[in-house]
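[1] Got a sequence here, can you model it:
(chains A and B)
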There are 2 protein chains.
Amino acid sequence: MKRSGLTVAVAGATGAVGEEMLSILEERRFPCDEVRCLASERSRGKRLEFRGEQLTVDVLGEDSFDGVDVALFSAGGARSLRFAPAAVRSGAVVVDNSSAFRMDPDTPLVVPEVNPHAIARHRGIIANPNCSTIQMVVVLKPLHDVARILRIVVSTYQSVSGTGKRAMDELARQTTSLLNFQEIERKVYPHRIAFNCLPHIDEFLENGYTKEEMKMVNETRKIMEDDSIAITATTVRVPVFHSHSESVNIETERPLTAKQAREILAEAPGVAVVDNPAASEYPLAIHAAGRDEVFVGRIREDFSVAHGLNMWIVADNLRKGAALNAIQIAEMLLDQ
Amino acid sequence: MKRSGLTVAVAGATGAVGEEMLSILEERRFPCDEVRCLASERSRGKRLEFRGEQLTVDVLGEDSFDGVDVALFSAGGARSLRFAPAAVRSGAVVVDNSSAFRMDPDTPLVVPEVNPHAIARHRGIIANPNCSTIQMVVVLKPLHDVARILRIVVSTYQSVSGTGKRAMDELARQTTSLLNFQEIERKVYPHRIAFNCLPHIDEFLENGYTKEEMKMVNETRKIMEDDSIAITATTVRVPVFHSHSESVNIETERPLTAKQAREILAEAPGVAVVDNPAASEYPLAIHAAGRDEVFVGRIREDFSVAHGLNMWIVADNLRKGAALNAIQIAEMLLDQ
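    Just a heads-up that it's a prediction; the model follows:
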């Protein structure tokens, strides 16, 4: 792909991830001359700021992609299924943030720090993984390379921004209502999210797991290119605006001390180790918000198995968990 | 012990657990004629309501226990260590909610649904377990009896009421400040708790775990009377006022389906199964608040091990996790 004068389309530009994409394209000086903001009919004519200019939102359609080099999709699975092929036909490479193509064997599912080589085999679409999966594999891959992970047990503490802007409004409004002793309204989540934890993210499947939980299982194996890793997940929404936190337990084939893990992760791309409990230093959702790194701490040996570690992994789900990872993929396309 | 006309002392009566103890003594018509409210100098003369009357708070001292039959302690470990022996010398039986005596081999550590027989061997003090441990063992013991639990991996989502009233104030004040775009104050927790998750409950130990995490390991083994159970825990404070939630993964020796586990737990004392994901029904902190039962749901087979289950366990930490469990122990003393 050419390395300057690109045309980039952002499908779903008015959403929480779409806006983050615009801001990261600007921040990282992505070499584009034109950015096309696309969204649903509802957002037609809306204006979004980019490099100090006001861009007008167009309606996403099959004819939106003439002359587009890179199309970043974050408009939901149904729209990706419908419009991503049109973008490819127009000659664009699509980086898709929905779950539509992630498990398609012909579509690479990429975290640049973990499996950058997978990008080369794309046929027009590259899938961006689920937010809670991305931050986990960025930390676990370097440990897997050294000690071989046999099993992962993960429980998540996921922020409402992962659901989108309406969910952020819902948390703010419900919280305000409760503090003012007023009735709360529920529109986005099936239960109150303010001052509560919901063990329910995405839809439930026949096997009792949610789609979000199975994404963590299946996507992790695909990205780490190792179907032998046993994984089980419990995904939980918590009353936090930004950043997902994860309690991750791993069992490894070879011994790995907490100290060794810290040393490996200190050198790992995209990872920041924050692990000084004596000074109350460990990763926190409020510290990760707006940051690019995946933070890891509370690294300690798990004495309940022969070779085990516990750790606490936190990242900004809209950035590394979505928009940043997609743009890092686009950046790697430039190098090819 | 006699079954009526008892004198009960509540040490730490003005705290979050102490007040809950008073309300549960009243609610369950505990057969006491007199309740003595004891607290630190700071609370001297404060009034607390009990059965429609105003009780005046006295200062907790070695001479507070003349004529007391049952002393319920929830005034912190240091005060338990200092004053519980005095209460025993005065002829009272102490039910102690602090961690001071829990791991003492001569002190029974009791959850009435799990190991009621242990009460009989008390020498004046019976320890009430840690809140996050109680709710877990109430659910796991019936499963252990059938399938033998080999290993537990637990991550908690603990409410601020477990820290006490000042922490509840802190969450409310910080939340209000943030929603009004004002600076927040930190007094109780080392970091902001509003819209954040803190992987830090109680002090850190040399091995990288917190005391709270090691309580879950050690107390579970003592209460379930099985040191062969391997346990690892990550305990996390979340911005929730009432009830602790827990993501619990177990590995069992014998196979146990989710359906079998649900059937066993439907019959288990003190447990309520809420497990209908299709209707978005699962245990929730806001539903458990003020309730006596331990709620369990999201029960599903863990395909990452030969015989494994995941589940979500929620209970009111001030009630079953503290005050209710202590008073249930006191009730069992009456039967002896």
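[2] Hmm, residue A:231 and residue A:150 touching each other?
    No - counting by C-beta atoms under 8 Å, residue A:150 does not reach residue A:231; the two are 10.2 Å apart. C-beta: built from backbone N, CA, C; applies to glycine.
[3] So for those two, which residue has more residues nearby?
    Per other C-beta atoms under 10 Å in any protein chain shown, whichever of residue A:150 and residue A:231 has more neighbours is residue A:231, with 25 against 19.
[4] just checking, the more buried one touches residue A:154?
    Yes - the pair residue A:231 / residue A:154 is scored as a contact, 7.4 Å apart, by C-beta under 8 Å.
[5] hey, what's in contact with both of these two?
    residue A:216 (C-beta atoms under 8 Å, 6 or more residues apart in numbering or on different chains).
[6] show me where the stretch 151-300 of chain A has helices.
    A:165-179, A:211-224, A:258-266, A:285-288 (DSSP state H, counting those that start in this stretch).
[7] Reformat these into a markdown table and put distance to chain B next to each item.
    Shown next, in a markdown table, are these (distance: least, C-beta to the nearest C-beta, whole Å):
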| stretch | distance to chain B |
| --- | --- |
| helix A:165-179 | 6 |
| helix A:211-224 | 8 |
| helix A:258-266 | 6 |
| helix A:285-288 | 5 |
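[8] export these to CSV and tack on mean neighbour count and mean pLDDT?
    Putting those into CSV (neighbours: other C-beta atoms under 10 Å in any protein chain shown; pLDDT from 0 to 100) gives the following:
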stretch, mean neighbour count, mean pLDDT
helix A:165-179, 18, 97
helix A:211-224, 22, 98
helix A:258-266, 17, 98
helix A:285-288, 23, 98
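[9] Can you pull the phi and psi angles for the residue of chain A positioned farthest from its centre?
    In chain A, the residue that sits farthest from the middle, by C-alpha atoms, centre = their mean, is residue A:181; the gap is 35.5 Å. For residue A:181, the backbone dihedrals are phi 60, psi 40 (criterion: degrees, to the nearest 10).
[10] top helix in chain A by residue count?
    In chain A, ranked by residue count with DSSP state H as the criterion, the top helix is helix A:131-147.
[11] Endpoint to endpoint, stretch A:188-199 covers what distance?
    Length of stretch A:188-199, first residue to last, C-alpha to C-alpha, to the nearest Å: 15 Å.
[12] Please enumerate residues in contact with it?
    Stretch A:188-199 has contacts (C-beta under 8 Å, 6+ apart) with A:160, A:163-164, A:166-167, A:170-171, A:174-175, A:177-178, A:184, A:186, A:200, A:234-239, B:157, B:171, B:238-241, B:245, B:247, B:280, B:282-286, B:297-298, B:312.
[13] when you check these against the strands, which ones overlap?
    Counting by DSSP state E, the part of these found in strands is A:234, B:157, B:245, B:247, B:297, B:298, B:312.
[14] Between which two of the residues you listed is the distance greatest?
    Farthest pair in the ones in strands among the contacts of stretch A:188-199 (C-beta to C-beta) is B:157 and B:297. Separation: 14.0 Å.
[15] follow-up on the earlier one: quick one, which of the helices of the stretch 151-300 of chain A is nearest to residue B:56?
    Nearest to residue B:56, of the helices of the stretch 151-300 of chain A and by C-beta to C-beta, is helix A:165-179 at 32.7 Å.
[16] Summarise which helices and strands the closest one is packed against.
    The contact analysis (3 or more C-beta pairs under 8 Å, 6 or more residues apart in numbering or on different chains; DSSP states H and E) places helix A:165-179 against helix B:165-179.
[17] export the helix it packs on as PDB, just CAs?
    Listed next in PDB are the C-alpha coordinates belonging to helix B:165-179 (Å, rounded to 0.1, in the frame of the first residue of the first chain):
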ATOM      1  CA  LYS B 165     -19.500   3.100  57.000                       C
ATOM      2  CA  ARG B 166     -16.700   5.500  56.100                       C
ATOM      3  CA  ALA B 167     -16.100   3.600  52.900                       C
ATOM      4  CA  MET B 168     -19.700   3.900  52.000                       C
ATOM      5  CA  ASP B 169     -19.500   7.600  52.600                       C
ATOM      6  CA  GLU B 170     -16.400   7.800  50.500                       C
ATOM      7  CA  LEU B 171     -18.000   6.000  47.500                       C
ATOM      8  CA  ALA B 172     -21.000   8.300  47.700                       C
ATOM      9  CA  ARG B 173     -19.000  11.500  48.100                       C
ATOM     10  CA  GLN B 174     -16.500  10.700  45.300                       C
ATOM     11  CA  THR B 175     -19.300   9.700  43.000                       C
ATOM     12  CA  THR B 176     -21.100  13.000  43.600                       C
ATOM     13  CA  SER B 177     -18.000  15.000  43.200                       C
ATOM     14  CA  LEU B 178     -17.100  13.300  39.900                       C
ATOM     15  CA  LEU B 179     -20.700  13.900  38.500                       C
END
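[18] ok now that helix, how far from the chain's centre?
    23 Å (C-alpha atoms, centre = their mean, to the nearest Å).
[19] what sits up against that helix?
    Contact partners of helix B:165-179, identified using C-beta under 8 Å, 6+ apart, comprise A:172, A:175-176, A:179, A:195, B:15-16, B:160-161, B:183-189, B:192-195, B:239, B:241.
[20] The closest residue to residue A:322 other than its chain neighbours: what's it in contact with?
    Spatial nearest neighbour of residue A:322, chain neighbours left out: residue A:17 (4.5 Å); criterion: C-beta to C-beta, 6 or more residues apart in numbering or on different chains. Shown in contact with residue A:17 (C-beta under 8 Å, 6+ apart): A:74, A:97, A:318, A:322, A:323.
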